[in-house]
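J.: I'll drop the sequence and a predicted model, then ask my questions.
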Amino acid sequence: MKADEPDTDIPLTLRKLVKRVEELELENRQLKKENERLKKRIEELERNKKRYVAPHSRETTKEDPKPSGRRAGEGTFSYKQNPKDEDVTAVIAVDFPNICPKCQTPLLLESYKMDYAFITELPKIKPQITQYNVPMVSCPNCGKEVRGEHPDLCLNQRGATRHQLGPRLHAAIQYVQHHLNLSGRKAQDALENLLGIQVTQGAISQAKLRVTKLGTPLRAAYDDIRTEIQQSDVVHQDDTGWRINGTQAWLQVASSKNAVFFQVRTSHTAKELLEMLGDNFQGILVTDRFSTYNHSSFKGIKQQKCLYHIVRNAEEAEVLQEGKVGQGKQYAARVAEVCRDALELHRAFRSEEISLKSYQQLGRHYSNRMNSLLTRAPLISKENERLRTGLFKQHERGHLLRFLEHPSIPPTNNAAERDLRSGVIGRKVSQCSKTQEGADGYAIFKSVIETAKRQGQNPLERLTYLQIRAQFK
């Protein structure tokens, strides 16, 4: 080409470059939008994970929620019954009306029939204070002071400790604090305004430490609950955050059919979790997917992982792959689908909708489906591969779908999470504990109260009985 000859290819090349730039700019804008959307979704997931909410709270309401109250045909229903004659403390006779208020017709007394109405009222309560006149004398021989004794009095109840609270009042204080979740200040206010009893927060705290120390009946009852847990066939275990004088700690729970055991520890390792189970635990441990349960110390313990946690993990992996090319999103959805089908199968069996034979046949089918999902070749998606490898380790050890072989095993850890709910409320109310002794006292009272409820006992009566034994031991 000569120097003075025009280049006819330059305009065509420029047009191609301009078009390519426009395509790249459009693609860049689309990628930015997708990036912003994914950032917001990740922030939302992280925020949901960190905030203090109920374990199964929902972001949106159900389209067709169940109505509140008792379901038709379920539970017991009865009208409020009239009080028993022996429970009626006063009877007031209402005057007979002489004339009809509408037409002024005189009414005959013998035509009346008797109707009844009742009002239950809180009586004005006055504290019961008993004075003991204790004789004192000095021995004329050795000069030792001799005091009279009474079974209701402590041997050293004199001087600054001459006025003490009774065992039922002590039990009531701990009941409103640890069962009704009132703070020390509100418990003090309730006692003063409802019962007319003035007691300091220091006296409440000191009494709690005194009756829960080693060798007391309450501590013995606490140890008996731990033994009951260690001998149970199925135990649920979970934990939540706690504080001891501002230091990070954990409120840990182990619950069975007949017992609930709490403890507060500043460490969250296999040692503390096995402390509740003992060295010879032979039952089934139902847990979440916390990594500590994979420790070698748990090697000889049969476990069942909570399927709701697995469904949640699969849904999170599914969300993280939204907008990506390929079929990675389908893998997490299939894992969640198998778990939901297995949960529905267990529910149907417990409701006696299917027989044991059908349960076992379908259980083997779901086990094979899960096995084919977890034993496949490594996946391209990092989220799916992380989910697959984590579940494969549990499935290989028999911890994933053990309940399909033994339907008496619960497939979820809801029992332990429900037992922790009152502890979460107590954490917000009391601001946790100042000392390890105070935390141990809280765990002891919570264990005794929740176990009494689990066994159909009155928690207040149970605490009163143990307080009386502690006073006269």
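T.: Everything's here; your move.
J.: when you work out contacts or count neighbours from here on, use the C-alpha atoms and nothing else.
T.: Fine.
J.: where does the prediction get shaky in the stretch 201-350 of the chain?
T.: 323, 325-327 (pLDDT under 70).
J.: residue contacts, Glu437?
T.: Applying CA atoms under 8 Å, 6 or more residues apart in numbering, we find Glu437 in contact with Leu209.
J.: what strand or helix carries it?
T.: Here Glu437 is covered by helix 436-454, with elements defined by DSSP states H and E.
J.: ditto for Gln263
T.: With DSSP H and E as the criterion, the answer for Gln263 is strand 260-265.
J.: okay, that strand in PDB with CA atoms only?
T.: What follows is strand 260-265, C-alpha atoms only, in PDB (Å, rounded to 0.1, in the frame of the first residue of the first chain):
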ATOM      1  CA  VAL A 260     -32.900 -32.100  82.300                       C
ATOM      2  CA  PHE A 261     -29.400 -31.300  83.400                       C
ATOM      3  CA  PHE A 262     -27.700 -27.800  83.100                       C
ATOM      4  CA  GLN A 263     -24.100 -26.700  83.600                       C
ATOM      5  CA  VAL A 264     -22.200 -23.500  83.000                       C
ATOM      6  CA  ARG A 265     -18.600 -23.700  81.800                       C
END
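J.: and it, what does it pack onto?
T.: When contacts are defined as 3 or more CA pairs under 8 Å, 6 or more residues apart in numbering; DSSP states H and E, strand 260-265 packs onto helix 217-230, strand 247-255, helix 436-454.
J.: now that strand and helix 436-454, what's the angle there?
T.: 170 degrees (axes from the mean of the first three to the mean of the last three CA atoms, to 10 degrees).
J.: and Ala190, how close does it get to Leu182?
T.: Taken as CA to CA, to the nearest Å, the spacing of Ala190 relative to Leu182 amounts to 9 Å.
J.: next one: Val88
T.: 32 Å.
J.: looking at those two, which is more packed in?
T.: With other CA atoms under 10 Å as the criterion, Val88 and Leu182 differ in neighbour count, and Leu182 comes out ahead with 20 against 12.
J.: excluding its backbone neighbours, what's nearest that one?
T.: In space, not counting the residues next to it along the chain, Leu182 is nearest to Val176; the distance is 5.9 Å by CA to CA, 6 or more residues apart in numbering.
J.: next, the one you found: phi, psi?
T.: The main-chain torsion angles of Val176 are listed as degrees, to the nearest 10 and equal phi -70, psi -30.
J.: report how many residues lie close to Gly241.
T.: By the criterion of other CA under 10 Å, Gly241 has 15 neighbours.
J.: which stretches of the stretch 351-473 of the chain form strands?
T.: Using DSSP state E, counting those that start in this stretch, the strands of the stretch 351-473 of the chain do not appear at all; there are none.
J.: how about low-confidence regions in it?
T.: By pLDDT under 70, the low-scoring segments of the stretch 351-473 of the chain are 471-473.
J.: do you know which of the helices and strands packed on strand 260-265 lies nearest Thr120?
T.: helix 436-454 (26.3 Å; CA to CA).
J.: roughly how far is that closest one from the heart of the chain?
T.: Chain-centre distance of helix 436-454: 14 Å, with CA atoms, centre = their mean, to the nearest Å.
J.: the closest residue to Glu192 other than its chain neighbours and Gln188: what is the separation?
T.: Spatially, and ignoring its direct neighbours in sequence, Glu192 is nearest to Gln198 (5.3 Å; CA to CA, 6+ apart). The spacing between Gln198 and Gln188, counted by CA to CA, is 7 Å.
J.: for the two, indicate the residue with more neighbours.
T.: Higher neighbour count among Gln198 and Gln188: Gln188, with 19 against 12, using other CA under 10 Å.
J.: for the more buried one, which residues are in contact?
T.: With CA under 8 Å, 6+ apart, Gln188 has these contacts: 198-201.
J.: next, give phi and psi for it.
T.: The phi/psi pair for Gln188 (degrees, to the nearest 10) reads phi -60, psi -40.
J.: what pLDDT does the model give it?
T.: Each residue has a pLDDT score; the one for Gln188 is 86.
J.: now it: how far from Ala172?
T.: Here the criterion is CA to CA. By it, Gln188 lies 11 Å from Ala172.
J.: ok, now how distant is Gln203 from Ile244?
T.: Just so we're on the same page, residue 203 is Ala rather than Gln. With distances defined as CA to CA, the gap from Ala203 to Ile244 amounts to 20 Å.
J.: who has more neighbours out of those two?
T.: Regarding Ala203 and Ile244, a neighbour count based on other CA under 10 Å identifies Ile244 as having more, with 20 against 11.
J.: specify the beta-bridge partners of that one.
T.: Taking DSSP bridges, one obtains Thr247, Ser433 as the residues bridged to Ile244.
J.: between strand 260-265 and the host helix or strand of Lys271, find me the angle.
T.: Taking DSSP H and E as the criterion, Lys271 maps to helix 270-277. Using the same axes, to 10 degrees, the interaxial angle of helix 270-277 with respect to strand 260-265 works out to 150 degrees.
J.: mind listing what's buried along helix 270-277?
T.: For helix 270-277, a neighbour-count test (16 or more other CA atoms under 10 Å) marks 270, 273, 276-277 as buried.
J.: paired strands for the strand holding Gln263, with orientation please.
T.: strand 247-255 (antiparallel).
J.: who's in contact with the strand it pairs with?
T.: Here strand 247-255 has contacts from 229, 235-243, 260-268, 273, 276, 415-416, 419-420, 423, using CA under 8 Å, 6+ apart.
J.: one more pass at 7 Å, please.
T.: The contact list for strand 247-255 (CA atoms under 7 Å, 6 or more residues apart in numbering) reads 229, 235-243, 260-268, 276, 416.
J.: please apply the same query to stretch 195-209.
T.: Counting by CA under 7 Å, 6+ apart, residues outside stretch 195-209 touching it are 125-127, 184-185, 188, 191-192, 437-438, 441.
J.: give the buried residues for that stretch.
T.: Using 16+ other CA under 10 Å as the burial criterion, the residues of stretch 195-209 that qualify are 197, 204, 208.
J.: what strand or helix carries the last one?
T.: Which is Lys208. Remark: Lys208 resides in helix 201-211, with elements defined by DSSP H and E.
J.: name the element the residue nearest to Arg402 when sequence neighbours are not counted belongs to?
T.: Distances taken as CA to CA, 6+ apart put Gln304 closest to Arg402, at 6.2 Å, once the chain neighbours are dropped. According to DSSP H and E, Gln304 maps onto strand 302-305.
J.: export only the CA atoms of that strand, formatted as PDB.
T.: What follows is strand 302-305 as a C-alpha-only set of coordinates in PDB (Å, rounded to 0.1, in the frame of the first residue of the first chain):
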ATOM      1  CA  LYS A 302     -23.700 -43.400  68.900                       C
ATOM      2  CA  GLN A 303     -25.000 -40.200  67.500                       C
ATOM      3  CA  GLN A 304     -28.000 -38.800  65.600                       C
ATOM      4  CA  LYS A 305     -27.500 -35.500  63.900                       C
END
